[in-house]
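**Q** Any chance you could fold what I've pasted below:
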Amino acid sequence: MKHISSIAGGVALGSAGVMMMSILTGCEAPQQNQEQQNRFLIIEQQANGKYIVVEEMPTDGPSRAIIREKDENGNTVERFMNEAEMKALAEQEYQKVQNGTSETLQEGGGSAGMGLAGTILAVAAGSLLGNMIGNALMNNKNFSKNSASSNKSAYSRSAASRASSGGAKKSFFGSSSRSSTSSSRSFGS
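**A** All right, here's what the predicted structure looks like:
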């Protein structure tokens, strides 16, 4: 009888461990699709006059950007661009996509950067114009390639790495769980 009691205790302990892991992983907020999450961007003008994204961070607030450009004296100046301005540029570039004249669709167009509107569309189409448009654009091979090459931010490389590995990590118990970039979690959320 003592043997059965110790097995039952082990099963209960194992079940409690599995339940605790389920609770802890269940508290994590589902990671938003990278395409629809609002972004804070730092976009830098290159010597050739084209633009690339040098920093990108997800944000809970509206999408916005800091644009770094050179003035006529060669000094770096920064200007702020709000979500409405970004959306207007993205919509203009999307019209060029519809007409087939956008540099985002050109073979090798983003390797040395693109114009400001093309860069914004390439990086934030989903969050600015909606998921359907963002997904449709990313299904275009040239657009997808240009989008990746115009975004030099660490966040973009990390997101691409998570996407290529499926974003899942094996847990101690052998199940997969999505990683989360959030730093604060509370029990019972």
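
**Q** show me what contacts the spatially closest residue to Asn140 that is not a sequence neighbour?
**A** Sequence neighbours aside, Leu105 is the residue nearest to Asn140 in space, at 6.5 Å (criterion: Cβ to Cβ, 6 or more residues apart in numbering). Bear in mind the C-beta positions are built from the backbone N, C-alpha and C, glycine included. Taking Cβ atoms under 8 Å, 6 or more residues apart in numbering, we find Leu105 in contact with 97, 140, 142-143, 146.

**Q** Of those residues, which is the most crowded?
**A** Across those, neighbour numbers were computed from other Cβ atoms under 10 Å; Asn146 holds the maximum, 27 neighbours.

**Q** I'd like to know how far it sits from Ala88.
**A** Using Cβ to Cβ, to the nearest Å, Asn146 is found at 21 Å from Ala88.

**Q** what does Leu137 give?
**A** 17 Å.

**Q** And for Ile120?
**A** Using Cβ to Cβ, we find Ile120 at a distance of 10 Å from Ala88.

**Q** Which one's more surrounded, these two?
**A** Using other Cβ under 10 Å, the more surrounded residue of Ile120 and Ala88 is Ile120, with 30 against 14.

**Q** what pLDDT, on average, does the helix or strand containing that one get?
**A** Ile120 is located in helix 116-129, with elements delineated by DSSP states H and E. For helix 116-129, the mean pLDDT works out to 88.

**Q** Likewise for stretch 44-61?
**A** 91.

**Q** low pLDDT regions in the chain?
**A** Applying pLDDT under 70 to the chain flags the ranges 1-36, 108-111, 153-189.

**Q** quick one: the strands in it?
**A** For the chain, strands defined by DSSP state E occupy the ranges 39-45, 51-58, 64-70, 76-81, 168-170, 176-178.

**Q** Can you mark which positions in the longest one are buried?
**A** Along strand 51-58, the positions that meet the burial threshold by neighbour count (16 or more other Cβ atoms under 10 Å) are 51-53, 55-56, 58.

**Q** so Leu121 sits right up against Thr104, yeah?
**A** Yes. Between Leu121 and Thr104 there is a contact under Cβ atoms under 8 Å: 6.0 Å.

**Q** Bridged to the residue lying closest to Gln37 once chain neighbours are set aside, which residues?
**A** Ranked by Cβ to Cβ, 6+ apart and with sequence neighbours excluded, the top spatial neighbour of Gln37 is Pro58, at 4.9 Å. Beta-bridge pairing for Pro58 (DSSP bridges): Arg39.
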